[in-house]
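Novice: With the sequence up front, the predicted model follows.
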Number of protein chains: 2
Amino acid sequence: MVNEQEFLAAYDPGAYPSVAVTVDVVALTIRDGALHLLLIQRGQPPFEGHWALPGGFVRPEEDLTASARRELAEETGLGGERLRRVHLEQLGSYGAPDRDPRMRVVSVAHLAFAPDLPDPAAGTDADAAIWLPVTALTSRQLAFDHSRIIDDGLERARSKLEYTPLATRFLAAEFTISELRAVYETVWGHPLHAGNFHRKVLSVPGFVESTGTSTERGGTRGGPRARLYRASDARLLHPALLRPAREETVR
Amino acid sequence: MVNEQEFLAAYDPGAYPSVAVTVDVVALTIRDGALHLLLIQRGQPPFEGHWALPGGFVRPEEDLTASARRELAEETGLGGERLRRVHLEQLGSYGAPDRDPRMRVVSVAHLAFAPDLPDPAAGTDADAAIWLPVTALTSRQLAFDHSRIIDDGLERARSKLEYTPLATRFLAAEFTISELRAVYETVWGHPLHAGNFHRKVLSVPGFVESTGTSTERGGTRGGPRARLYRASDARLLHPALLRPAREETVR
DNA sequence: TGAATAGTGTCTGTTAGACAGTATCAC
DNA sequence: GTGATACTGTCTAACAGACACTATTCA
């Protein structure tokens, strides 16, 4: 019987099947009232020329989520406080044996919510990176199984807006209730009743708190100046803001 | 410029950092009115003698969830129709660099809901396997980061019961409303109002459907014979069965 | 002035939860 | 019979959603 230390010293990592582990990021933001997704155009095979999620191999000594945050930083050129304001969570892992023609690759997908960001810095990477409206996705051929990962990410995003205050992560630190409503309408893809939404948001404990200030001007098409709010301390919304029941998705 | 086929032929998998990928399973069942968890006692280092989640390395050509199902089958001795009735879903991936002292290991954790099962077959594996009440977990030293995985799994289970009909997966194909209520009470850890629960379950479309039959006898402590139901076709519950608001978990 | 928006009031139907009550069965 | 359970009825408070209305601002 060997003790644990001897066992570790004699341990041969090569005895176990080798798998590459990558992270991919479904990064969402809202631009011009439409939901956008960060994509890169692949510069080398496989899937050369196809669009793909930003991502890459997990480095030694790097945690999974840290790896995703690094990939996001590289592709967006973001750093410091602005990167810290981006919400990042694990979405799920994708490991079908044939999902990458090169070798066995398990990808740990992440989901990110970002406020409106500048166009990706082209200098950081040889690949072209863009924010693409999600409505333009259907016509694109995506690399690997990224189309499925994106579908899962979008559904997770829609669901997260129901029971968490993460919609605020799409906005600047201070925002109006109308801006918050626009986030919900954009992600869910259908209009909400302005008056009811307003009352509902203010009634959920810990969702938003008043800054005491208002916007400098009214809206571009008229209307009074709106009060400004910031995200408060709730991590879950009680009661939740539920999407209207969708019979077709239930069965 | 090489074409894609030439690229793949020249590709060297060893150029990328090697990581081992495992699956671990948080398998839950209900025995004697208490929530139980499947654990194995490790027979070799690291963490020799400690209790751990069932799991193992993902095999080549094996999908992640298929791998989890195989591990579950091996440890429970289950197969065929009984295995197919077990609910299995991906929980999340755990990949902190130092979570395994041997090498970099990323574990894709899964969550399973099983009906009451016989004691694990000891013959299939050298390790001892048991169903342990989750209330007995606090006193145990668990291997790796399995304590955290279990916590995440239990919270996912509690949450899943709210908006999916998966509570039925803890029961036989036919069950009474009281048995279903017992599942909720056990997983959530507090009693529910029998009358309100009864009416609520029957009012949610697609949750349960009547078999037209009743139990042969009343309860062990008296009472009328109960009608029998089976799971119906809903995949989501609308409206959901929400846990009472827990202020402390919200902030 | 006209149109759009911010924010509030009110009404209705649905739901959660408390409570009560009746019928049935084990012991 | 006694006590526990299955199931139903009723009431109340909370909530979602529809609609209406006022005040404010831009053009």
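Specialist: Happy to help now that I have it.

Novice: Count the neighbours of the residue nearest to residue A:232 when sequence neighbours are not counted for me.
Specialist: Spatial nearest neighbour of residue A:232, excluding adjacent residues (Cβ to Cβ, 6 or more residues apart in numbering or on different chains): residue A:209 at 4.2 Å. (Glycine included, C-beta is placed from N, CA and C.) Using other Cβ atoms under 10 Å in any protein chain shown, residue A:209 is surrounded by 12 other residues.

Novice: Next: residue A:218.
Specialist: 12.

Novice: and the residue nearest to residue A:232, how far is that from DNA strand C?
Specialist: Distance check for residue A:209 against DNA strand C: by Cβ to the nearest atom of the strand, to the nearest Å, it reads 13 Å.

Novice: With residue A:32 instead?
Specialist: From residue A:32 to DNA strand C the distance is 15 Å (Cβ to the nearest atom of the strand).

Novice: and that residue, what does it touch?
Specialist: With Cβ atoms under 8 Å, 6 or more residues apart in numbering or on different chains as the criterion, no residue contacts residue A:32.

Novice: Could you pull up phi and psi at it?
Specialist: Phi and psi for residue A:32, reported as degrees, to the nearest 10, are phi 50, psi 40.

Novice: quick one on the thing from earlier: shouldn't the residue nearest to residue A:232 be in contact with residue A:228?
Specialist: No - assessed by Cβ atoms under 8 Å, residue A:209 is found out of contact with residue A:228, at 10.4 Å.

Novice: For the helix or strand that contains the residue nearest to residue A:232, which residues meet the burial criterion?
Specialist: In the assignment (DSSP states H and E), residue A:209 maps to strand A:208-214. For strand A:208-214, a neighbour-count test (16 or more other Cβ atoms under 10 Å in any protein chain shown) marks residue A:208 as buried.

Novice: Please name every helix or strand in contact with the helix or strand containing residue A:37.
Specialist: Using DSSP H and E, residue A:37 sits in strand A:34-41. When contacts are defined as 3 or more Cβ pairs under 8 Å, 6 or more residues apart in numbering or on different chains; DSSP states H and E, strand A:34-41 packs onto strand A:20-31, strand A:51-52, helix A:64-76, strand A:128-133, helix A:177-188.

Novice: That strand pairs with which strands, parallel or anti?
Specialist: strand A:20-31 (antiparallel), strand A:51-52 (antiparallel), strand A:128-133 (antiparallel) (DSSP bridges).

Novice: what about whichever strand or helix holds residue A:155, near chain B?
Specialist: If you go by DSSP H and E, residue A:155 is part of helix A:146-163. No - using Cβ under 8 Å from any Cβ of the partner chain, we find that helix A:146-163 stays clear of chain B, coming within 9.5 Å at best.

Novice: Averaged pLDDT, that helix. What do you get?
Specialist: Mean pLDDT, computed over helix A:146-163, is 97.

Novice: where does the closest residue to residue A:179 other than its chain neighbours sit relative to DNA strand D, distance-wise?
Specialist: Spatially, and ignoring its direct neighbours in sequence, residue A:179 is nearest to residue A:171 (5.7 Å; Cβ to Cβ, 6+ apart). From residue A:171 across to DNA strand D, the span is 21 Å (Cβ to the nearest atom of the strand).

Novice: so how far is residue A:159 from residue A:171?
Specialist: 19 Å (Cβ to Cβ, to the nearest Å).

Novice: between those two, which one's more packed in?
Specialist: residue A:171 (21 against 13).

Novice: Now that one, what are its backbone angles?
Specialist: phi -120, psi 170.

Novice: Okay, and the beta partners of residue A:111?
Specialist: With DSSP bridges as the rule, residue A:111 is bridged to residue A:26, residue A:89.

Novice: hang on, the earlier thing: out of the strands paired with strand A:34-41, the one nearest residue B:133 is which?
Specialist: Checking the strands paired with strand A:34-41 against residue B:133 by Cβ to Cβ gives strand A:20-31 as the closest, at 34.4 Å.

Novice: before we move on, back to that, quick one, the helix holding residue A:155 and helix A:177-188 angle?
Specialist: Helix A:146-163 and helix A:177-188 are oriented at 140 degrees to each other (axes from the mean of the first three to the mean of the last three Cα atoms, to 10 degrees).

Novice: Does helix A:146-163 pack against any helices or strands, and if so which?
Specialist: Where contact means 3+ Cβ pairs under 8 Å, 6+ apart, helix A:146-163 is packed against strand A:20-31, strand A:87-94, strand A:105-113, helix A:177-188.

Novice: out of the ones you listed, deepest packed?
Specialist: strand A:105-113 (a mean of 25; mean count of other Cβ atoms under 10 Å in any protein chain shown).

Novice: Check what contacts the strand holding residue A:209 and list those residues.
Specialist: Residues lying outside strand A:208-214 but in contact with it, judged by Cβ under 8 Å, 6+ apart, are A:165, A:168, A:174, A:177, A:180, A:201-202, A:225-232.

Novice: cool, and stretch A:91-107?
Specialist: A:17-24, A:26, A:46, A:55, A:108-111, A:144-145, A:148-149, A:152-153, A:156, B:8, B:11, B:13, B:16, B:21, B:58, B:60-64, B:90, B:92-93, B:106, B:108.

Novice: what's the answer for stretch A:175-189, then?
Specialist: A:28, A:30, A:33-35, A:157-158, A:161, A:167-168, A:170-171, A:191-192, A:194, A:197-198, A:201-202, A:208, A:215, A:219, A:226-230, A:241, A:243.

Novice: Buried only: go through those residues for me.
Specialist: Judged by 16+ other Cβ under 10 Å, buried ones among the contacts of stretch A:175-189: A:28, A:30, A:35, A:157, A:161, A:167-168, A:170-171, A:192, A:197-198, A:201, A:208, A:215, A:226, A:228-229, A:241, A:243.

Novice: what lines up beside the strand holding residue A:209 in the sheet?
Specialist: strand A:227-231 (antiparallel).

Novice: quick one: is the partner strand near DNA strand D?
Specialist: No - contact of strand A:227-231 with DNA strand D (Cβ under 7 Å from any atom of the strand) is absent, the minimum separation being 10.9 Å.

Novice: In contact with residue A:202: list those residues for me.
Specialist: Counted by Cβ under 8 Å, 6+ apart, residue A:202 has contacts A:177, A:208.

Novice: So it lies in a strand, does it not?
Specialist: No - read with DSSP: H, G, I helix; E, B strand; the rest coil, residue A:202 is helix and lies in no strand.

Novice: Three-state assignment for residue A:44, please.
Specialist: Residue A:44 ends up coil, using three-state DSSP.

Novice: who in the stretch 151-251 of chain A is up against DNA strand C?
Specialist: So the stretch 151-251 of chain A meets DNA strand C at A:176-178, A:194-196, A:198-199, A:202, A:214, A:218-219, A:221-227 (Cβ under 7 Å from any atom of the strand).

Novice: Can you list the low-confidence ranges for the stretch 151-251 of chain A?
Specialist: A:245-251 (pLDDT under 70).

Novice: ok, 80 please
Specialist: A:244-251 (pLDDT under 80).

Novice: Is residue A:168 in contact with residue A:231, as I believe?
Specialist: Yes - applying Cβ under 8 Å, one finds residue A:168 in contact with residue A:231, separated by 4.1 Å.

Novice: State the distance from the residue lying closest to residue A:133 once chain neighbours are set aside to chain B.
Specialist: Closest residue to residue A:133 apart from its sequence neighbours, by Cβ to Cβ, 6+ apart: residue A:34 at 4.8 Å. From residue A:34 across to chain B, the span is 27 Å (Cβ to the nearest Cβ, to the nearest Å).

Novice: ok, so what distance separates residue A:34 from DNA strand D?
Specialist: Taken as Cβ to the nearest atom of the strand, the span from residue A:34 to DNA strand D is 22 Å.
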